[in-house]
Every structure is written in structure tokens, then in C-alpha cells.
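Asker: turn this into a structure:
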Amino acid sequence: MLRFTEDHEWLMREGDVATVGITAHAAEQLGDLVFIELPKIGARLKKGDAAAVVESVKAASDVYAPVSGEVTEINPAAVDDPGSVAADPQGSGWLYRIRLDDPAALEGLMDEAAYAAMPK
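Answerer: I've put the predicted structure just below:
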């Protein structure tokens, strides 16, 4: 189940853990990614917290936590090769995984159709 935020983050729930990344639209707007800073494993994030930073030749941008929870895993490939995030932002370019404090919080996020219809 993919869910999206107005800030162009996506997440996919698998049990009580969700994988988080930036959308293809965000990656396209940022351009060539040159640096990525991810949260520490074990970090507690609240919905709306700045969780990661993606930097391109154009700008640096915060990636916000779409839900509250604890970071359980990061994608080291994203740090080692920031271009991999832009190449496949909603696949192998995921950023981190978070154990959900409240799975019902996903209901407040957009589904794919609502995100696609959102003005960008």
C-alpha cells in the first residue's frame, strides 16, 4: 500500500514497518543528487520532523517524516550513490524504514490517485 505526502514523500507499509523515500516528482525537481544524509538507526521521529536531507547541484531539501516512529533501517546505497535515488526513487532508491507508532496514521496520507491529482 503506497501512501504519499504533500511534501513529495512516499511510504509503503509492510506490517508495522514502512519504507520511506522521495517521489519521482521530487527527484525530478531536485535534479542530479550529490549528497544524502539519512537518520540514525534507532532515531525517534515525529510526523513532520526533518528526517533526512537530499542535496542536488540545484538545492538542498529536507525529507520529512510522514509518520511517527523509530528508524529501523537505512539504505546505505542511497548514501554511497545518491544518483541511485534519482534513478529509482520509488524502488531501490528508498531512504529509510520506520517502525510505525500508530499504523492508523497512514489513513491521513494520500493514496496514489490523490497524489497524482495534486497540483505540483
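Asker: C-alpha from now on. contacts and neighbour counts both.
Answerer: OK.
Asker: leaving out sequence neighbours, find the closest residue to residue 44.
Answerer: Take residue 44 and drop its neighbours on the chain: the residue closest to it by C-alpha to C-alpha, 6 or more residues apart in numbering is residue 70, 4.5 Å away.
Asker: pLDDT score for that neighbour?
Answerer: For residue 70, the pLDDT comes out at 98.
Asker: over to the one 10 residues further on?
Answerer: The confidence metric pLDDT takes the value 96 at residue 80.
Asker: need phi/psi at it.
Answerer: phi -70, psi -30 (degrees, to the nearest 10).
Asker: that one - how many residues pack around it?
Answerer: 12 (other C-alpha atoms under 10 Å).
Asker: so how far is residue 46 from it?
Answerer: 26 Å (C-alpha to C-alpha, to the nearest Å).
Asker: can you check residue 109 too?
Answerer: Distance from residue 109 to residue 46, counting by C-alpha to C-alpha: 15 Å.
Asker: residues near the closest residue in space to residue 103 that isn't next to it in sequence, how many?
Answerer: In this structure, residue 103 finds its nearest non-sequential neighbour in residue 16, 6.7 Å apart by C-alpha to C-alpha, 6+ apart. Other residues within reach of residue 16, judged by other C-alpha under 10 Å, total 12.
Asker: residue 70 too?
Answerer: 19.
Asker: how many residues are close by the closest residue to residue 30 other than its chain neighbours?
Answerer: Here the nearest residue to residue 30 in space, its sequence neighbours aside, is residue 56; by C-alpha to C-alpha, 6+ apart that works out to 5.9 Å. Counted with other C-alpha under 10 Å, residues neighbouring residue 56 total 18.
Asker: my guess is residue 49 meets residue 64, correct?
Answerer: Yes: here residue 49 reaches residue 64: they are 5.4 Å apart, a contact under C-alpha atoms under 8 Å.
Asker: good, we can wrap up now.
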